[in-house]
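# Sequence and computational prediction follow.
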Amino acid sequence: MLVTVNGEQRETDATSVSALMQELGCTAGHYAVAINYDVVPRGKWDDAPVTAGDEIEILTPRQGG
């Protein structure tokens with residue numbers, strides 16, 4: 001299925017946020033994920049569905065000023 005991740009369209013077989021993060025190699029570290037502008041808490045990644053056409057933003061915290 002086709003989704004948009006951080007502004008770029010990509011093909012994925014992932015059906016959950018957790019599976020998408022594994023597919024993208026984002027398994028270690030701290031990440032924030034939003035699907036269609038709704039933040040998905042990390043504890044719900046296994047249950048949060050990814051569907052065709054979703055706009056997904058994946059962010060990492062940065063420190064600085």
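Now that the structure is in, tell me what you want to look at.

# mind listing the strands for the protein?
With DSSP state E as the criterion, the chain has strands at 2-5, 8-11, 32-35, 38-40, 55-59.

# Pull out the buried residues from the last one.
By neighbour count with 16 or more other Cβ atoms under 10 Å, strand 55-59 contains the buried residues Ile56. For every residue, glycine as well, the C-beta is placed using N, CA and C.

# Adjacent strands (with direction) for it?
Paired neighbours of strand 55-59 in the sheet (DSSP bridges): strand 2-5 (parallel), strand 32-35 (antiparallel).

# Of all these, which one is nearest Ala52?
Taking Cβ to Cβ, strand 2-5 is the member of those nearest to Ala52, at 6.0 Å.

# can you give me how far that closest one is from the chain middle?
Computed by Cα atoms, centre = their mean, to the nearest Å, the separation of strand 2-5 from the middle of its chain amounts to 10 Å.

# quick revisit: so which of the strands paired with strand 55-59 gets nearest Gly53?
Smallest distance to Gly53 across these (Cβ to Cβ): 6.9 Å, for strand 2-5.

# Flag every buried residue along that closest one.
Val3, Val5.

# Restrict that strand to CA atoms and write it as PDB.
Output of strand 2-5 as PDB, limited to C-alpha atoms (Å, rounded to 0.1, in the frame of the first residue of the first chain):
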ATOM      1  CA  LEU A   2       1.100   3.600  -0.500                       C
ATOM      2  CA  VAL A   3       1.600   5.900   2.400                       C
ATOM      3  CA  THR A   4       3.400   9.200   3.000                       C
ATOM      4  CA  VAL A   5       6.200   9.200   5.500                       C
END
